[in-house]
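> Here is my input, please return the structure:
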Amino acid sequence: MRYKSNTMRAGAPEDFWKNYRAHLKVPQELKTWILDQYYDQETLCVYCDASLKEDNSGMGIACSYVIHGTIIVKQQYIQSSYKEELSSWYAEIKAIIFALNFFERHKAGAAKITIYTDLIDIEKLLCEEPFFRKNVHLKEVREELKQVYKLKKSVYGDNLQVLYLPPDKRKFNPFHRSLIMPLGR
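Here you go, the predicted structure:
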């Protein structure tokens, strides 16, 4: 009797860094971390980021969804309806909301979801302590973030995390770099 193996033969691991100049050394620890995410079948990793137009009248928000050796990048452009200029905080929070609203379309059976942001204060933004005392628009977008997060957390519990992505994990990170969007005037 012959049995089919569940093991797939894999070639060499993906080399996301082959186009970097030889003098730029990507730390092996970062490469391992990235490749573990890329091939992970249990966890959907979502990288979110935002960029503002030069005149701060609009923003681009984007997410990279990484699972099963696949990277899907989704972007959205948002024109400001406010008379004041947008802040980078506002744009970054909108990117996290975008990630929370759409990760289910890309989770491909993953049991865990980890969303990465470069907002260092993400834990404070998601809790109940006061933040943004003066800016009404930032208060509003923070409340929107907390509501969406609370709703998704009620479904996924501890299997959903929104984490800060420190600079050493951003540099040379192909999933975070895929989010760079040029915005014109």
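> State the distance from the residue most central in space within the chain to Glu128.
Computing the C-alpha centroid of the chain and ranking residues by Cα atoms, centre = their mean puts Tyr47 first, at 1.8 Å. Per Cβ to Cβ, to the nearest Å, Tyr47 is found 27 Å from Glu128. For glycine as for every other residue, the C-beta is placed from the backbone atoms N, C-alpha and C.
> likewise Thr43?
Taking Cβ to Cβ, one finds Thr43 at 27 Å from Glu128.
> Among those two, which residue is more densely surrounded?
More crowded of Thr43 and Glu128, by other Cβ atoms under 10 Å: Thr43, with 18 against 7.
> Tell me which residues of stretch 134-143 come out buried.
By neighbour count, with 16 or more other Cβ atoms under 10 Å as the criterion, the buried positions of stretch 134-143 are 137-138, 141-142.
> Distance check, Leu145 against Phe98.
For Leu145, the distance to Phe98 (Cβ to Cβ) stands at 11 Å.
> who's in contact with Val66?
37-38, 40, 44-47, 175 (Cβ atoms under 8 Å, 6 or more residues apart in numbering).
> now, which of those lie within helices?
37-38, 175 (DSSP state H).
> Derive a PyMOL selection command for the buried subset of the residues you listed.
What follows is the PyMOL syntax for the buried subset of the ones in helices among the contacts of Val66, where burial is set by 16+ other Cβ under 10 Å:
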select buried, resi 37+38+175
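> gap between the lengthiest helix in the chain and the chain center?
Across the chain, the longest stretch assigned as helix under DSSP H is helix 136-156. Per Cα atoms, centre = their mean, to the nearest Å, the displacement of helix 136-156 from the mean C-alpha position of its chain is 16 Å.
> Quick one: residues in contact with that helix.
So helix 136-156 is contacted by 82, 84, 87, 89-90, 93-94, 96-97, 100-101, 113, 125-126, 131-132, 160, 162 (Cβ under 8 Å, 6+ apart).
> What's the PyMOL line that selects buried ones from those residues?
Per 16+ other Cβ under 10 Å, the buried members of the contacts of helix 136-156 correspond to this PyMOL selection:
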select buried, resi 87+89+90+93+94+96+97+100+113+125+126+132+160+162
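> Same question for stretch 140-156: list its buried residues.
141-142, 145, 148-149, 152-153, 156.
> Output the residues you listed in JSON lines; the columns should cover pLDDT and distance to Asp118.
Formatted as JSON lines, these follow (pLDDT from 0 to 100; distance: Cβ to Cβ, whole Å):
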{"residue": "Val141", "pLDDT": "91", "distance to Asp118": "16"}
{"residue": "Arg142", "pLDDT": "93", "distance to Asp118": "17"}
{"residue": "Leu145", "pLDDT": "96", "distance to Asp118": "15"}
{"residue": "Val148", "pLDDT": "97", "distance to Asp118": "19"}
{"residue": "Tyr149", "pLDDT": "97", "distance to Asp118": "17"}
{"residue": "Lys152", "pLDDT": "97", "distance to Asp118": "20"}
{"residue": "Lys153", "pLDDT": "97", "distance to Asp118": "21"}
{"residue": "Tyr156", "pLDDT": "97", "distance to Asp118": "22"}
